[in-house]
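S.K.: Fold the following for me, if possible:
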Amino acid sequence: MAEITSSLVKDLREKTGLGMMQCKKALEETAGDIEKAIEHLRKQGAQVAAKRMGREAKEGRILFVRNQEAVVAVEVNCETDFVTASADFAQFGEKIASIILTEKPENLESLKQKKYDSKTVEHIALLTHTVVEKLEFW
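M.R.: Here you go, the predicted model:
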């Protein structure tokens, strides 16, 4: 087992955006292998997101992004008003609006397949794992 150093934990935190203790635990569970730790955290995030899918996302924001040609409004919902105030939440909504503005997907299903930080937009589980709530976007 590789030694779990603070720099290794920091590296995993930077790659995932998750908390220090979550990253340290994942590294301990994967014998210090950062790639396996990322996959472990991704699976945990998917499990957590699956548990949240039945919850109602009734709070949210409408975010706008524009360029010289058009304006896009995106409604992003979550479970509590506390999360709507977070930077991660606003950043996610703005990124979705930017993707719509630049890539012009034909519908919601097409939007879900567009790339979001090297993942598909549909792969909201990573962000959901970060803010610990169910998120929806329209």
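
S.K.: for the chain, what spans make up the helices?
M.R.: Along the chain, the stretches classed as helices by DSSP state H are 6-16, 20-29, 34-52, 81-84, 87-103, 108-112, 125-131.

S.K.: Check which residues of the shortest one are buried.
M.R.: Read it as helix 81-84. 83-84 (16 or more other CB atoms under 10 Å). Every C-beta, even on glycine, is put in place using the N, C-alpha and C of the backbone.

S.K.: any idea how far that helix is from the chain center?
M.R.: Relative to its chain's centre, helix 81-84 lies at 15 Å (CA atoms, centre = their mean, to the nearest Å).

S.K.: same deal with the fifth one?
M.R.: Distance of helix 87-103 from the chain centroid (CA atoms, centre = their mean) equals 11 Å.

S.K.: in that helix, what counts as buried?
M.R.: 89, 92-101.

S.K.: In terms of distance to Glu75, which of those ranks first?
M.R.: Gly93 (8.3 Å; CB to CB).

S.K.: Am I right that the closest one is in contact with Cys78?
M.R.: No. Between Gly93 and Cys78 there is no contact under CB atoms under 8 Å: 10.1 Å.

S.K.: I'd like to know which of the helices of the chain is closest to Arg66.
M.R.: With CB to CB as the criterion, Arg66 lies closest to helix 87-103 of those, at 7.4 Å.

S.K.: So which other helices or strands are in contact with that closest one?
M.R.: If you count contacts as 3 or more CB pairs under 8 Å, 6 or more residues apart in numbering; DSSP states H and E, helix 87-103 packs onto strand 59-66, strand 71-78, helix 108-112, strand 115-116, helix 125-131, strand 136-137.

S.K.: make it 6 Å
M.R.: Secondary-structure packing of helix 87-103 (3 or more CB pairs under 6 Å, 6 or more residues apart in numbering; DSSP states H and E): strand 59-66, strand 71-78, helix 125-131.

S.K.: Of those, which shows the lowest average pLDDT?
M.R.: Of all the helices and strands packed on helix 87-103, mean pLDDT reaches its minimum on helix 125-131 (a mean of 51).
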